[in-house]
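*Asks:* Provided below for reference: sequence and predicted model.
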2 protein chains.
Amino acid sequence: MSENPQDDKPSTLATDFSVIKAHAGDYLEAVNEYIGEQRKAFEPEIRDLVHYCLEKGGKRIRPVLVYFSGYREGEPDPALVKLGTVIELVHTATLVHDDIIDDASVRHGRDSVMEKYGSSVAVLLGDALFSHALRLAAEFPTVEVCREVAASTRTVCTGEIHQSFRRGDEKMDLASYYRCIEMKTAELFRVACHLGAAIGGYSREFINASGAYGYHLGTAYQIFDDYADIFSTEERMGKTLNTDILKGKFTLPIILLLESLNSTEKEKFLEELNNSEEVPVDTIATLMRTHEIKGKVMDHFNQQIQRGSDVLNPFGDLPATLRLRELLSFVSAQIELLA
Amino acid sequence: MSENPQDDKPSTLATDFSVIKAHAGDYLEAVNEYIGEQRKAFEPEIRDLVHYCLEKGGKRIRPVLVYFSGYREGEPDPALVKLGTVIELVHTATLVHDDIIDDASVRHGRDSVMEKYGSSVAVLLGDALFSHALRLAAEFPTVEVCREVAASTRTVCTGEIHQSFRRGDEKMDLASYYRCIEMKTAELFRVACHLGAAIGGYSREFINASGAYGYHLGTAYQIFDDYADIFSTEERMGKTLNTDILKGKFTLPIILLLESLNSTEKEKFLEELNNSEEVPVDTIATLMRTHEIKGKVMDHFNQQIQRGSDVLNPFGDLPATLRLRELLSFVSAQIELLA
């Protein structure tokens, strides 16, 4: 095997995050450091609050998307570090606000901002994080970054409002589901990849392909999340499951199940769902098995992964393409591990 | 009298809004039309919500600030129409979020978004309005507009968080009060005037003076609001009064009163305030009269008006200066009318 990372075969299946870290490690360290520095950019009154939100992140998959989309050999480009931070700040702001909406007390294994400081502070802190993200976006020499990030955020909020209005709506169909997750999840993935490729200096063709890749990967990512909420175990996921049903969110598995039931079965199931104090997990598990919903959800997931891969085909020899395929393999492997 | 508006004397005291409208009428009509068009820029799912927020505004004083700061004879510059809209959208977004925090059911004489659609929608709609404002800001050729608007919004949120943390804090002093209102109110006035003058093509010296003017006018404006909450009548203001005390907000009149009381009087007053189910309006009225607080608050107000006027002195012959002085007279007259 050559030492040159460009010789890596995309067929090397990345099943755990360490494979991603091998290439994104230095970059993620720089992002974490830069995120840590942002605390100082806030007025003294809220520095501790900002620190609380930012010190414990998740996998920082959105910055990784930025980095891989604009990937070049050598030291991580500081512009990609800044852009990854912008996207992560927007994401963090939406989480702070989502936790108000979902009345969620836990985030990243500890009290959510909303639980610790109350909903008023959570509203305002989310706003402060979001406006700081835009402030950083405005440090790029062209207005494109600001414009794309602001437009994406608006779309993400619209997706969340859409979801909020459709709660408990048993007529939620596939088209509505896709429209909703495209807005609330895929859009920020898309913009991360689009702008990453742009800042990385790639061609307009690749920038568009990278954006499309992000869009499909984000869609797949949300399908995975919805899949795991029903088919995984709490031990494995390290979080409470069945929360979507509990909150009246009709996600892909339930939508596909409802499509598979005849009208009598459907009526009976919805009655049990609406009249149970707790989620009828046994009924759901039985019905999901009988109607082979797991496989059907995986088909939807794999379709998105495939599309994400297809859009990269014309760009097989770019350094960014190799990295993006690696990430695709990683996300793809996650659902296989749960199957 | 000449027909040329440049011949207007700043000494013409503008006591009602019609004097402002005489010069800003066409501009405000263009702003309202442009704001109305923004509805179409949102995804179909939330157009009605956006329309609900935007159709009934207040006086649109922030767009007027933008216009007057960049004022030139002739047709209103479309760039100033866009900038006024950006600032008004940011302001509207903060109102939507403020109503969640204050649990306010009424805004502009009808149900607040929070009352009509619930707090979840209010959180997300505020986010969508704010991100749209930044999206519009990114349509200006330079990043300055985006950068200034984003930074200001962050400061406004910090001010609100600060206020939120200081609720019921009887140790709130003058310095904290000023820091708080400068962040939550004066900053957006400042940025409106700063960017208005910049877009209007004025010199760097005038841009800075205009920003300082906005800052003092905004501070005066908030002092007026806090004054009215205690000294006006509900008939006159068309809204519920004494709400600040009810929410534990220690504003200028109360801070000055507490400073005027000796320790025994102070203890007695705070005890009554903390133990009464309703606001002890009679006690407050008596104490305010005895300690002549009304005049003291007016001194603070007039000091800001004076400073706002002083910073314009070197720019007496600019068209923008005349308009800004007119607005200063208008705001100044409001408190006189209540006295």
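*Replies:* That came through fine.

*Asks:* A:Thr286 sits in which helix or strand?
*Replies:* helix A:281-290 (DSSP states H and E).

*Asks:* elements contacting that helix?
*Replies:* helix A:204-231, helix A:252-260, helix A:263-275 (3 or more Cβ pairs under 8 Å, 6 or more residues apart in numbering or on different chains; DSSP states H and E). In this view, the C-beta of every residue, glycine as well, is placed from N, C-alpha and C.

*Asks:* would you single out the least confident of those helices?
*Replies:* Of all these, mean pLDDT reaches its minimum on helix A:263-275 (a mean of 89).

*Asks:* tell me what angle it forms with helix A:281-290.
*Replies:* 150 degrees (axes from the mean of the first three to the mean of the last three Cα atoms, to 10 degrees).

*Asks:* export helix A:263-275 as PDB, just CAs?
*Replies:* What follows is helix A:263-275, C-alpha atoms only, in PDB (Å, rounded to 0.1, in the frame of the first residue of the first chain):
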ATOM      1  CA  SER A 263     -58.100  -0.100   6.700                       C
ATOM      2  CA  THR A 264     -59.400  -2.300   9.500                       C
ATOM      3  CA  GLU A 265     -55.800  -2.900  10.800                       C
ATOM      4  CA  LYS A 266     -54.900   0.700  10.400                       C
ATOM      5  CA  GLU A 267     -57.900   1.900  12.400                       C
ATOM      6  CA  LYS A 268     -57.200  -0.600  15.200                       C
ATOM      7  CA  PHE A 269     -53.500   0.400  15.400                       C
ATOM      8  CA  LEU A 270     -54.200   4.100  15.400                       C
ATOM      9  CA  GLU A 271     -56.800   3.600  18.100                       C
ATOM     10  CA  GLU A 272     -54.300   1.700  20.300                       C
ATOM     11  CA  LEU A 273     -51.700   4.400  19.600                       C
ATOM     12  CA  ASN A 274     -54.000   7.300  20.500                       C
ATOM     13  CA  ASN A 275     -55.500   5.700  23.600                       C
END
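
*Asks:* phi first, then psi, for whichever residue of the stretch 201-339 of chain A sits closest to chain B.
*Replies:* In the stretch 201-339 of chain A, the residue that lies nearest chain B is A:Lys247 (10.8 Å; Cβ to the nearest Cβ). Main-chain dihedrals, A:Lys247, degrees, to the nearest 10: phi -90, psi 10.

*Asks:* dump the residue contacts of it.
*Replies:* Residues near A:Lys247 by Cβ atoms under 8 Å, 6 or more residues apart in numbering or on different chains: A:Asp102, A:Arg167.

*Asks:* residue contacts, A:Glu75?
*Replies:* A:Asp26.

*Asks:* same check, this time on A:Met183
*Replies:* Per Cβ under 8 Å, 6+ apart, neighbours of A:Met183: A:Thr155, A:Val156, A:Thr158, A:Gly159, A:Glu160, A:His162, B:Glu43.

*Asks:* ok, back up a step: residues contacting the helix holding A:Thr286, please?
*Replies:* Around helix A:281-290, the neighbours that count as contacts under Cβ under 8 Å, 6+ apart are A:Ile230, A:Phe231, A:Asn242, A:Ile245, A:Pro253, A:Leu257, A:Leu261, A:Phe269, A:Glu272, A:Ile293, A:Lys294.

*Asks:* if we can go back for a sec, can I get the helices and strands packed on helix A:281-290 in CSV including mean neighbour count?
*Replies:* What follows is these, written out as CSV (neighbours: other Cβ atoms under 10 Å in any protein chain shown):
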stretch, mean neighbour count
helix A:204-231, 22
helix A:252-260, 20
helix A:263-275, 12
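
*Asks:* what sits up against stretch A:47-63?
*Replies:* Residues from elsewhere that reach stretch A:47-63, judged by Cβ under 8 Å, 6+ apart: A:17, A:27-28, A:31-32, A:35-36, A:38-40, A:42, A:84-85, A:87-89, A:91-92, A:96, A:108-110, A:113, A:116-117, A:121, A:125, A:128-129, A:188-189, A:192, A:221, B:161.

*Asks:* out of those, list just those in helices.
*Replies:* Of the contacts of stretch A:47-63, the ones assigned to helices by DSSP state H are A:17, A:27-28, A:31-32, A:35-36, A:38, A:84-85, A:87-89, A:91-92, A:96, A:113, A:116-117, A:121, A:125, A:128-129, A:188-189, A:192, A:221, B:161.

*Asks:* among these, which ones are buried?
*Replies:* A:27-28, A:31-32, A:35, A:38, A:84-85, A:87-89, A:91-92, A:96, A:113, A:117, A:121, A:125, A:128-129, A:188-189, A:192, A:221, B:161 (16 or more other Cβ atoms under 10 Å in any protein chain shown).

*Asks:* which stretches of the stretch 51-200 of chain A have low pLDDT?
*Replies:* Along the stretch 51-200 of chain A, the model assigns pLDDT under 70 to residues A:106.

*Asks:* and the strands in it?
*Replies:* A:106-107, A:110-111 (DSSP state E, counting those that start in this stretch).

*Asks:* in JSON lines, list these along with distance to A:Leu54 and mean neighbour count.
*Replies:* Listed next are these as JSON lines, based on distance: least, Cβ to Cβ, whole Å; neighbours: other Cβ atoms under 10 Å in any protein chain shown:
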{"stretch": "strand A:106-107", "distance to A:Leu54": "12", "mean neighbour count": "16"}
{"stretch": "strand A:110-111", "distance to A:Leu54": "13", "mean neighbour count": "12"}
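
*Asks:* measure A:Thr290 to A:Phe269 for me?
*Replies:* If you measure A:Thr290 against A:Phe269 using Cβ to Cβ, to the nearest Å, the figure is 11 Å.

*Asks:* can you count the residues close to A:Arg47?
*Replies:* 15 (other Cβ atoms under 10 Å in any protein chain shown).

*Asks:* hang on, I meant A:Pro319
*Replies:* Neighbour tally, A:Pro319, other Cβ under 10 Å: 18.

*Asks:* who in the stretch 101-250 of chain A is up against chain B?
*Replies:* A:101, A:119-121, A:123-128, A:130-132, A:134-135, A:137-143, A:146-147, A:149-151, A:153-155, A:157-158, A:160-162, A:164-165, A:183 (Cβ under 8 Å from any Cβ of the partner chain).
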